[in-house]
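I need the structure of the sequence given here:
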Amino acid sequence: MKKNTPLPNLPDANIILRKLFDQAISTADPMHTLPKFLPARPSGRVIVIGAGKASARMAEAVEREWGTCEGIIITQYGYGRALKDIEVIEASHPIPDHAGMQATHKILAVLENLGEDDFVLCLLSGGASALLCAPAGDITLSEKQIINQHLLASGAPIDKINTVRKHLSAVKGGQLVAAAHPAKILSLILSDVPGDDIRFIGSGPTASDKTTPQQALQILTDYAISISASANKVLCSPSRVISPHDPIMENVENVVFAAASQSLQAAENLASFHYGLKVINLGDNIQGEARDIANIQAKQAIEIQTCLTLSDKPVLLLSGGELTVTKKGNGIGGANAEFCLALAIALNQQKGIYGLAGDTDGIDGAAEIAGAYISPDTLSNAVANGTSAEKSLISNNSHGFFKSIDSNIITGPTLTNVNDFRAILIFPI
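Here you go, the predicted model:
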């Protein structure tokens, strides 16, 4: 028979969960992760370009290692850094804007007329799909914005969304390599895509691609998204993306230097060695509708708890990846907060189970909220504040729900992005 020994004194569950989230973010900081992948500075002309929520921080790491550099970086509003020489331009995400389009054309202009002895360092992170904006053909910015809005609200996974994006772009799907040819390119990539497929991180501006415009059209049809005549014309034309067999791809090296798996491992180590928790790491490749995954993980958590005795260690259920939300209501929310809301409903005030879900870039959806906490008191606190969890879920108003009970997580700009982080802490009862 197992001896009933008391559990070690642990901090408040929310404190543990937040420490784990912060550890995941810190581990992905480009200032720590990028330098060991940076070669000695090449001789001759060196140009630094990039886009993404972490790109300015990445450029900051490059300047610290290489010193004075020529270049242009596009990052999200609020994510800029005060660099010495590299120009940082802030633009809109997740819907592109005029600032991003102008900055992209500025990058393309810098890449013109490069020679074989020139070297381009490309810094890419999540967010580059929206920030690198150069509509193909006669597509207008307004038309591109509308298509992006529909894609993001459709519930489509990121690989399908980015397949459409790259075929409507003059810069994605390896086209940045074509613009810089014949210069050599090293692309350092911070992954926010499940599986770390470079074709879909930022829609693969330095990666070749096998998808076709016809596949992009089929995705739009499958998700009932209508497009303008100019966009349809582009998708009915020969593919613009660069084939894996194109010889210009011999000039580029793509390296993923940080990803969600590393952040999850760091959180697992902290949970295990510092807090003495038993960790079940479900991996960094979980995808699906946020509320569906929440229901699955709620069942897992309850099943785990039923097998625990009072002398057992608390269990941490850890996972990453990218969840989606098929938006049907008019509320404000994101995949992480919606996961938490659906999780709270599914757990139905189950004692001893706590949770956190947050986006490591600090922005869940389009709001400056990283995610949310849940506890056994979440639903009762909402009722006391006159808020309905079920109605909030129906209207996709997860941020509003958690704001009403002061359970939103706000980090501010984290300067990195390795996608979703989810942790469910299960105590024996």
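
Surely Asp97 touches Ala103?
No: contact status for Asp97 versus Ala103: not in contact, 9.9 Å apart, counting by CB atoms under 8 Å. From N, CA and C alone the C-beta is placed, and that goes for glycine too.

which regions of the stretch 101-250 of the chain sit below the pLDDT cut-off?
Per-residue confidence of the stretch 101-250 of the chain (counting by pLDDT under 70) places no residue in a weak region.

what about the strands in it?
Using DSSP state E, counting those that start in this stretch, the strands of the stretch 101-250 of the chain run over residues 119-125, 184-190.

Give me the distance between Pro182 and Pro94.
For Pro182, the distance to Pro94 equals 34 Å [CB to CB, to the nearest Å].

Now the longest helix seen in the chain: average pLDDT?
In the chain, taking DSSP state H as the definition, the longest helix is helix 290-306. Mean pLDDT, taken over the full extent of helix 290-306, equals 98.

What helices and strands are in contact with the helix or strand just after that helix?
For helix 290-306, the succeeding helix or strand toward the C-terminus, using DSSP states H and E, is strand 315-324. Applying 3 or more CB pairs under 8 Å, 6 or more residues apart in numbering; DSSP states H and E, one finds that strand 315-324 contacts helix 260-269, strand 278-281, strand 286-289, helix 290-306, helix 335-347, strand 420-426.

can you do 6 Å?
In this structure, strand 315-324 packs against helix 260-269, strand 278-281, strand 286-289, helix 290-306, strand 420-426, with contacts taken as 3 or more CB pairs under 6 Å, 6 or more residues apart in numbering; DSSP states H and E.

Distance to Tyr354 and mean neighbour count added to these, as TSV?
Below are these laid out as TSV (distance: least, CB to CB, whole Å; neighbours: other CB atoms under 10 Å):
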stretch	distance to Tyr354	mean neighbour count
helix 260-269	15	21
strand 278-281	15	17
strand 286-289	19	17
helix 290-306	10	19
strand 420-426	5	27
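
thought Val177 was touching Ala207?
No: under the criterion of CB atoms under 6 Å, Val177 lies out of contact with Ala207, with a separation of 8.4 Å.

Next up, phi/psi of the spatially most central residue of the chain, please.
The central residue of the chain, meaning the one whose C-alpha is nearest the mean C-alpha position (CA atoms, centre = their mean), is Asn419 at 3.4 Å. Torsion angles at Asn419 (phi, psi; degrees, to the nearest 10) stand at phi 70, psi -150.

Over to His93?
When quoted as degrees, to the nearest 10, the phi and psi of His93 stand at phi -150, psi 140.

separation between it and Ala156?
In this structure, His93 lies at 17 Å from Ala156, with CB to CB as the measure.

Ile189 now?
Here the distance between Ile189 and Ala156 works out to 22 Å (CB to CB).

One more: Gln23?
When distance is defined by CB to CB, Gln23 is 31 Å away from Ala156.

related to what we said a few turns ago, enumerate every residue touching the residue nearest to the residue nearest to the centre of the chain when sequence neighbours are not counted.
Excluding the flanking residues, the one nearest Asn419 by CB to CB, 6 or more residues apart in numbering is Asp192, at 4.4 Å. With contact set as CB atoms under 6 Å, 6 or more residues apart in numbering, Asp192 has these partners: Gly126, Asn417, Val418, Asn419.
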